[in-house]
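1. Build the 3D model from these lines:
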Amino acid sequence: PAAHAMVAQQSSRLALGLTTAVGMAALALRWRRHRRLVAEAEAAEAERVLAFWFGGPAAEAQRGLWFAPAGSAAQAAVDAAVLAGFDALVACAAVGGLDGW
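-> Numbering: from 1, shown residues only. Predicted coordinates for the structure are as follows:
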């Protein structure tokens with residue numbers, strides 16, 4: 001009886017250890033997948049920002065965004081466009097969420 005209890009206890013510990021190891025491995029895989037998805041999303045957002053400011057190779061109109069006179073209607077339009085398109089990114093950046101960029 002005592003030997004059976006000891007074997008049962010060791011089996012239970014072994015099963016718990018295997019379960020824990022499998023669980024940790026699964027958690028590690030999920031974490032890696034999460035980080036990959038986050039990195040892909042961040043890259044897509046960075047591309048969106050670059051496209052806004054620089055456009056494609058023939059995007060002369062984008063240059064007007066760079067040199068809008070301060071206080072002008074053009075500057076107000078640029079500010080409104082940035083807020084409309086990137087308000088969540090601006091908020092994220094304000095709290096350090098884009099420090100990796």
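2. Which parts of the protein are strands?
-> According to DSSP state E, the chain carries no segments that qualify as strands.
3. Surely Val90 and Val82 touch.
-> Yes: counting by CB atoms under 8 Å, Val90 does reach Val82; the two are 7.4 Å apart. For glycine as for every other residue, the C-beta is placed from the backbone atoms N, C-alpha and C.
4. ok, the two, which is more surrounded?
-> Just comparing Val90 and Val82: by other CB atoms under 10 Å the higher neighbour count belongs to Val82, 16 against 12.
5. Test my guess that that one contacts Leu89.
-> No: contact status for Val82 versus Leu89: not in contact, 9.3 Å apart, counting by CB under 8 Å.
6. For Trp53, give its distance to Val90.
-> 14 Å (CB to CB, to the nearest Å).
7. Could you report the separation of the residue nearest the centre of the chain from Glu45?
-> When the chain is reduced to its mean C-alpha position, the nearest residue by CA atoms, centre = their mean turns out to be Val38, at 3.3 Å. Between Val38 and Glu45 the computed distance is 11 Å (CB to CB).
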